[in-house]
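> Based on what follows, work out the 3D shape:
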Amino acid sequence: MENQNTDENRVRSVIARMQRFEKWPLPASFLAIIGVGYFFTFYDISDIGFAMPAIGPQFNLTGSESLFLALSIGLIGYVFGSYIIGFFADKYGRYPMLLITMLLMAGGSFGDAGSLNLYMLIIFRFITGLGLGADLNLMPAYIGEFSPAKRRGHMGEVTFLLGILGQAVTPFVALALVTPSDAAGWRWLFFIGGLIAVIAVILRAELPRSPRWLVTHGKIDQAEKVVENLEKYAVSKGVALKDVTEADISNIEIASKKLPFSYLWKPPYRKRMLIFGLWWGLWYIGNYAFLGDATTLLSDTGITVGSSILYIAIGAIGYPIGAIMAYSIADRFDRKYIILMGSFIWLIGMILFGTKYDSVIIATGGFLASYALAFTLGIAYMYTSESYPTNGRASGFAMGDGLGHIGGAIGALLLPILVVDWSFFKGFLFIGITTIIAGLILFIWGDSAVNKPLENV
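Numbering: from 1, shown residues only. This is a model prediction of the structure:
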């Protein structure tokens, strides 16, 4: 019993020592390392949409079936990857899974580039999706477990800003590579993504393990060593760390080492699972419909593929601007207020884009859509991740964001049908309305998480 009490005090001490950091306790370069992974993730989310207009004629793809096979299959892989690898991350740790996810994405991207037919493309898009879904799950969990409570949103946005540049850059890379004169241009688009993923794997090998995860799995010695290194680094940078008192230690609640799946469906997490599942499902209907279909649908109306990509590329300038704006207010306002604001901006963007009035209006609509996406997503990732306990954080995120990607698969399939059956404008209006509904659900029923230690959310 005495040994048990001693271990419990050591666990509380580790968490209390983590909670006293008021600044990011790792070198800034580690944020850049995480950001490289984000960069690839968002690069890959966009590249398939720009490649499809060139892939379609080469593989003789027609109709919504080809869209489902080529676009939605990656999202299905995302769902499986987010939950399966997320479960392993809760069981075996964030660090090894962060390496595995990038290896999957590298292999998938190189496979995409070398695909000779639709069946090969389906297989490798699924593999890419496995890694991508899990990686988006693990990055906010990893960042949040190292970040100070009052800076968690900002730290998440720093890496998200680096990552969203991938989505901003992709249209311009596609504009240069995906041309009628170069039948292999789309292959280079995927090959570049694979190279980025390989670089990310090498860089991530330097990342430390999460002390919060280590102590919840009984690896107290390792956790203490990591925290000791963090403290040494902070002191070397002139940071004065306050002493951890007995009161600080005694006030820490220790989570169960084991968190069965069923536990996430009990209060208070059951409510959060349902709310985030609805939010992500409805948000992704519009998000992935626009990212996956907009270029093709524009070109189907008579606008050239090059011009369609150019309009989206100009609009993509909104990505870094939206992320910078989100960074500036990330920890000043409740997450759900920021997300609702971004949802309204997205609706306005879809209305303008849907009018297809002229090139300026199309580019403006694309800009607002890009701005809203970057303004909202980083905050939403962190909000979802921080709403679950450490030993079930990745699994909880997977059930919300991961399964929410079913909505993304539906949206990518549904938008072309709505454009044909209704009209171009009504199709894009629809994916604007689904996003507003998502934002209202989170605004009305979501809990507060801003400026709270992870153990108190």
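
> Helix or strand for the residue minimising distance to the centre of the chain, just tell me which one.
Nearest residue to the geometric centre of the chain (Cα atoms, centre = their mean): L136, 3.8 Å. Using DSSP states H and E, L136 sits in helix 118-146.

> Return the helix or strand in this protein with minimum mean pLDDT.
Here the helix or strand of the chain ranked lowest by mean pLDDT, DSSP states H and E is helix 63-67, holding a mean of 58.

> Tell me which helix or strand comes right after it.
helix 73-92.

> helices or strands up against that next one?
Contacts defined by 3 or more Cβ pairs under 8 Å, 6 or more residues apart in numbering; DSSP states H and E place helix 73-92 against helix 94-114, helix 118-146, helix 393-397, helix 403-421. (Glycine included, C-beta is placed from N, CA and C.)

> So what touches that helix?
Contacting residues not belonging to helix 73-92 are listed as 48, 97, 100-101, 104, 122, 125-134, 136-138, 141, 259, 288, 391-395, 397-399, 401-403, 405-406, 408-409, 412 [Cβ atoms under 8 Å, 6 or more residues apart in numbering].

> Can you say which of these are buried?
Neighbour counting over the contacts of helix 73-92 (16 or more other Cβ atoms under 10 Å) leaves 48, 97, 100-101, 104, 122, 125-134, 136-138, 141, 259, 288, 391-395, 397-399, 401-403, 405-406, 408-409, 412 as the buried ones.

> Quick check: phi and psi at the residue nearest to V457 when sequence neighbours are not counted.
Ranked by Cβ to Cβ, 6 or more residues apart in numbering and with sequence neighbours excluded, the top spatial neighbour of V457 is A449, at 4.8 Å. Phi and psi for A449, reported as degrees, to the nearest 10, are phi -130, psi -10.

> who's in contact with A449?
335, 383, 386-387, 457.

> Near the nearest residue to F276 once chain neighbours are set aside, how many residues? Count them for me, please.
Spatial nearest neighbour of F276, excluding adjacent residues (Cβ to Cβ, 6+ apart): G400 at 3.1 Å. If you count neighbours by other Cβ atoms under 10 Å, G400 ends up with 26.

> how about G400, secondary structure?
Following DSSP: H, G, I helix; E, B strand; the rest coil, we place G400 in the helix state.

> Contacts only, for it.
G400 touches 272-273, 276-277, 279-280, 384, counting by Cβ under 8 Å, 6+ apart.

> now for these, which pair is the farthest apart?
Using Cβ to Cβ, the contacts of G400 span at most 11.9 Å, a distance reached by R272 and W280.

> Looking at those two now, which is surrounded by more residues?
W280 (26 against 22).

> so what pLDDT did the more buried one get?
On pLDDT, W280 comes in at 95.

> ok, now which ones touch it?
380, 384, 400-401, 403-405, 407, 438.

> Could you rerun that using 6 Å?
400-401, 404 (Cβ atoms under 6 Å, 6 or more residues apart in numbering).

> Need the contact partners of stretch 374-390.
Counting by Cβ under 6 Å, 6+ apart, residues outside stretch 374-390 touching it are 140-141, 144, 153, 156-157, 160, 164, 212, 216, 255, 272, 276, 319, 322-323, 325-326, 335, 338-339, 342, 393, 396-397, 400-401, 449, 457.

> CA-only coordinates of that stretch in PDB, if you can.
Extracted C-alpha coordinates of stretch 374-390, given in PDB (Å, rounded to 0.1, in the frame of the first residue of the first chain):
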ATOM      1  CA  ALA A 374      -8.000  27.600 -41.700                       C
ATOM      2  CA  PHE A 375      -9.700  29.900 -39.100                       C
ATOM      3  CA  THR A 376     -11.800  27.000 -37.800                       C
ATOM      4  CA  LEU A 377     -10.100  23.700 -38.200                       C
ATOM      5  CA  GLY A 378      -7.000  24.200 -36.000                       C
ATOM      6  CA  ILE A 379      -9.200  25.400 -33.100                       C
ATOM      7  CA  ALA A 380     -11.700  22.500 -33.700                       C
ATOM      8  CA  TYR A 381      -8.900  19.900 -33.700                       C
ATOM      9  CA  MET A 382      -7.600  21.100 -30.300                       C
ATOM     10  CA  TYR A 383     -11.100  21.500 -28.900                       C
ATOM     11  CA  THR A 384     -12.000  18.000 -29.800                       C
ATOM     12  CA  SER A 385      -8.700  16.500 -28.500                       C
ATOM     13  CA  GLU A 386      -8.600  18.400 -25.200                       C
ATOM     14  CA  SER A 387     -12.200  17.300 -24.300                       C
ATOM     15  CA  TYR A 388     -11.100  13.800 -23.500                       C
ATOM     16  CA  PRO A 389      -8.800  12.300 -20.800                       C
ATOM     17  CA  THR A 390      -5.200  11.400 -21.600                       C
END
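
> List the buried residues for that stretch?
Applying 16+ other Cβ under 10 Å to stretch 374-390 flags 374-390 as buried.
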